[in-house]
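Undergrad: no sequence on hand, only this structure:
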């Protein structure tokens, strides 16, 4: 039990039924698969970064783990307990263990409620045994920890800046004392100068409390800085998974290399990396590699046979015939 | 701009120049006035807004032009590309009809040649299958393709100045890369001046020749892209450069900037950055001078005065 990861995701699949006027006996066939068997582990106190472009399935993965969308297949275990298939009442108990931080903190806080009332509500829902006084105490301590004076609890979300609101959203998630936080693009709506406060806070709180973190973002630099390990997603597949330093220094999958090459340079003296001008679009649906249609080094073999998930170096996995 | 409690000044002292074939980046965070500045240049500010100062094109002042003459200028000599390409395209018209309309308005291309010209424009912005795209509507295209179409429409009249307002912010990294390459390519071919409005220092390093840094409605630093990255002269620029997360190696702390941009209604009397500035001194309560830098740059900061 002690060796078991805190969160374990295995072969997670998500299908969406295609809308339309299909007869019911055909409905089963008319579906679009957005997650094709996603697997990873997060040990207690560690961070896994999930990186990918829009439509890669990274947010859907997060939502399926949190039970915000029902998985179509596979398993999600938190501390050994299976989460797929839980009913709404059972889920309420699990929310105490896992909390989420979203891209837009304003959308996740009630606009007409004071921040204090929102924090109390979350805490009361997850820890009904706490008295009002207990909650007060815990919330005041958290406000101090995120660097906001407790008087601000009386204010509505509209009176805060984006960076302050995201710190409040983090405080709210932490108030229920979860073991895992799932952060979906938590800084991508913030100005660069403000991102730092939020990222430093997340990192510090994680270290202080031994939290596990699933950090979902499209910005590879931010993900690399925040994560112990990084999983790269492409069209519903994890194509590469490695320690974060290893992934950015020795990327094995051509898609990861393309992502790295596309990052704008950080100084005008750096050479512009060559980016192959392969047209971007829907991945070809075939039995082969999902990336083959766009891959600059694909061979006929790549189009015929899906690559196996294999260890290309110690602790470094990729799904590519050529890695 | 009219406000609830009297007029509010959104942008004051935004001065910069850009030459043919050159890219000027207007760098700033949200609320600094970069989009307002761009809209002012294109004469697109809402009614009631008041612009003072000079905006000149080829030496001719265009700030005072009436709407009719401005309309002729806009599109023909000055074109714009926006952050959300889908919003700047008509959802009901085919791409071909939209480009045709632009050609009818802003070029002397005869009607029967417009389709061929539209096809050629799509080829110029790197669209592999122009005949197909001409007959589609915006919702059938990806964000990156829509941005290519928007660029094609913007360059249809071969403008002298192209203003691109966060043209890649809504796009994925790999697509952003292609659009930046395309803008550079199109600019070199047409010899346009490009004003690139962005919050992203990576985009600046990638695409700009010169940079104007905006903070709270003022240009606080002007420099060549090289000088800006090598030796930023304004503490805000330095702080912004330090705040960008690096890909490698691992950073122990992220260096942010404390506090927030002051509201337009509560601007400090002196230096607008002083309340957040790590190098603020007593004299920063009075407005700082614009200190010229060697190589043609400027920094609006008392520190430069001290150094001289």
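TA: Everything's here; your move. Since we're looking at a predicted model, the values are computed, not measured.

Undergrad: centre of the chain to the helix or strand where residue A:216 lies, how far?
TA: Secondary-structure element containing residue A:216, defined by DSSP states H and E: strand A:212-217. Its chain's average C-alpha position is 5 Å from that of strand A:212-217, according to C-alpha atoms, centre = their mean, to the nearest Å.

Undergrad: hmm, who's touching it?
TA: Residues external to strand A:212-217 that are found in contact with it (C-beta atoms under 8 Å, 6 or more residues apart in numbering or on different chains): A:6-7, A:42-51, A:58-59, A:61-62, A:65, A:179-188, A:202, A:206, A:223, A:226-227. Quick note: C-beta positions are derived from backbone N, CA and C, even for glycine.

Undergrad: now the strands: where do they sit in the stretch 101-250 of chain B?
TA: Counting by DSSP state E, counting those that start in this stretch, the stretch 101-250 of chain B has strands at residues B:161-165, B:193-198, B:210-215, B:218-224.

Undergrad: let me fix that: chain A
TA: A:7-17, A:31-42, A:47-51, A:73-78, A:81-82, A:98-101, A:180-184, A:212-217, A:229-234, A:237-243, A:309-313, A:316-319 (DSSP state E).

Undergrad: any idea which of the strands of the stretch 101-250 of chain B gets closest to residue B:150?
TA: Smallest distance to residue B:150 across these (C-beta to C-beta): 9.4 Å, for strand B:161-165.

Undergrad: which pLDDT value does the model give residue B:228?
TA: pLDDT recorded at residue B:228 is 96.

Undergrad: contacting residues for it?
TA: Counted by C-beta under 8 Å, 6+ apart, residue B:228 has contacts B:204, B:211, B:213, B:221, B:237, B:297.

Undergrad: mind putting these into TSV with neighbour count and pLDDT?
TA: As requested, those are exported to TSV (neighbours: other C-beta atoms under 10 Å in any protein chain shown; pLDDT from 0 to 100):
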residue	neighbour count	pLDDT
B:204	23	96
B:211	30	96
B:213	26	96
B:221	30	96
B:237	24	97
B:297	22	92
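
Undergrad: distance to chain A added to the residues you listed, as CSV?
TA: Conversion of the contacts of residue B:228 to CSV gives the following (distance: C-beta to the nearest C-beta, whole Å):
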residue, distance to chain A
B:204, 8
B:211, 10
B:213, 12
B:221, 15
B:237, 11
B:297, 15
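
Undergrad: circling back to that earlier point, could you give the angle of the strand holding residue A:216 to strand A:180-184?
TA: 10 degrees (axes from the mean of the first three to the mean of the last three C-alpha atoms, to 10 degrees).

Undergrad: just checking: what are the partner strands of strand A:212-217?
TA: Sheet pairing for strand A:212-217, assigned by DSSP bridges, gives strand A:47-51 (parallel), strand A:180-184 (parallel).

Undergrad: can you list contacts of the last one?
TA: If I follow you right, that is strand A:180-184. By C-beta under 8 Å, 6+ apart, the list of residues contacting strand A:180-184 reads A:6-7, A:42, A:58-59, A:62, A:65-66, A:78, A:97-103, A:170, A:173-174, A:202, A:206, A:211-216.

Undergrad: 6 Å - rerun?
TA: A:7, A:59, A:62, A:98-102, A:173, A:211-216 (C-beta atoms under 6 Å, 6 or more residues apart in numbering or on different chains).

Undergrad: for that strand, what is the average pLDDT?
TA: Strand A:180-184 comes out at a mean pLDDT of 97.

Undergrad: how about stretch B:160-178?
TA: 91.

Undergrad: span of it from start to end?
TA: 23 Å (C-alpha to C-alpha, to the nearest Å).

Undergrad: same question for stretch B:37-52.
TA: So stretch B:37-52: terminal residues 12 Å apart, C-alpha to C-alpha.

Undergrad: contacts for that stretch, please.
TA: Contacts for stretch B:37-52 (C-beta under 6 Å, 6+ apart): B:1-2, B:11, B:14, B:55, B:63, B:70, B:74, B:78, B:80, B:163, B:165, B:197.

Undergrad: residue of the stretch 101-250 of chain B with the smallest distance to chain A?
TA: residue B:202 (3.1 Å; C-beta to the nearest C-beta).

Undergrad: wait, isn't that residue in contact with residue A:264?
TA: Yes: look at residue B:202 against residue A:264 with C-beta atoms under 6 Å: they come within range, at 3.1 Å.

Undergrad: what pLDDT does residue A:19 get?
TA: 69.

Undergrad: please apply the same query to residue B:56.
TA: At residue B:56, pLDDT is 88.

Undergrad: sorry, back to before: quick one: the strand holding residue A:216 to strand A:31-42, angle?
TA: Using the same axes, to 10 degrees: strand A:212-217 against strand A:31-42 is 140 degrees.

Undergrad: and stretch B:111-123, is it in reach of chain A?
TA: No: applying C-beta under 6 Å from any C-beta of the partner chain, one finds stretch B:111-123 separated from chain A by no less than 13.5 Å.

Undergrad: may I see the buried residues of that stretch?
TA: B:114, B:115, B:117, B:118, B:119, B:121, B:122 (16 or more other C-beta atoms under 10 Å in any protein chain shown).

Undergrad: farthest-apart pair in those, please.
TA: Within the buried residues of stretch B:111-123, B:114 and B:122 form the most distant pair, 12.6 Å apart (C-beta to C-beta).

Undergrad: if I look at the residue lying closest to residue B:272 once chain neighbours are set aside, what pLDDT would I see?
TA: Take residue B:272 and drop its neighbours on the chain: the residue closest to it by C-beta to C-beta, 6 or more residues apart in numbering or on different chains is residue B:216, 4.1 Å away. We have a pLDDT of 92 for residue B:216.
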